[in-house]
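K.L.:
Predicted model and sequence follow; I will ask about them next.
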Amino acid sequence: MHKREQGLTSPEFAVLLALGSDRTKLTSSDIVEMTAMDKTKVSRAVASLDQRGWVLRERATSDRRFEYLTLTEAGWETLGHLMPKMYEAESAVLKSLSEEERNGLEVGLMALDRAISH
């Protein structure tokens, strides 16, 4: 969906989602932690979103090595445009599964999350 609608790669979309998860400022390290992507992918995704005018970079005053990232108004608009379509696509996929399959998927995803967390 994100590729078709906006030409976003999966890492770019993951960064957009991370920045849209709340209205606080995040560092690239925060996004690495949230997404489990490596620093290089996050850095490239941030640079691409910055070129599109969807990310605002603000150098930390206390430590100039860090920059805080937030979505611009255009970034919020893009995310707002994509999310209903993502939920619709997700719903369509889940509707095609039986209740037993949905329950199995949920159990499997929780187990995978637990395994990754350890």
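P.N.:
It's in.

K.L.:
switch to C-alpha atoms for all contacts and neighbour counts from now on
P.N.:
Fine.

K.L.:
pull the longest helix from this protein.
P.N.:
For the chain, the longest helix by residue count, based on DSSP state H, is helix 73-95.

K.L.:
what's the next secondary structure element after that one?
P.N.:
helix 99-117 (DSSP states H and E).

K.L.:
Could you list the buried residues of stretch 79-92?
P.N.:
Residues 79, 82 are the ones in stretch 79-92 that count as buried (16 or more other C-alpha atoms under 10 Å).

K.L.:
And the contacts of stretch 65-75?
P.N.:
The contact list for stretch 65-75 (C-alpha atoms under 8 Å, 6 or more residues apart in numbering) reads 16, 19-20, 23-28, 53-60.

K.L.:
Are any of the residues you listed buried, and if so which?
P.N.:
16, 19, 20, 25, 26, 27, 28, 54, 55, 56, 57.

K.L.:
Let's have those in CSV, adding pLDDT, secondary structure and distance to residue 92.
P.N.:
Below are the buried ones among the contacts of stretch 65-75 laid out as CSV (pLDDT from 0 to 100; DSSP: H, G, I helix; E, B strand; the rest coil; distance: C-alpha to C-alpha, whole Å):
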residue, pLDDT, secondary structure, distance to residue 92
16, 95, helix, 23
19, 96, helix, 26
20, 94, helix, 23
25, 90, coil, 33
26, 92, strand, 32
27, 92, coil, 34
28, 92, helix, 33
54, 97, coil, 29
55, 96, strand, 31
56, 95, strand, 34
57, 94, strand, 36
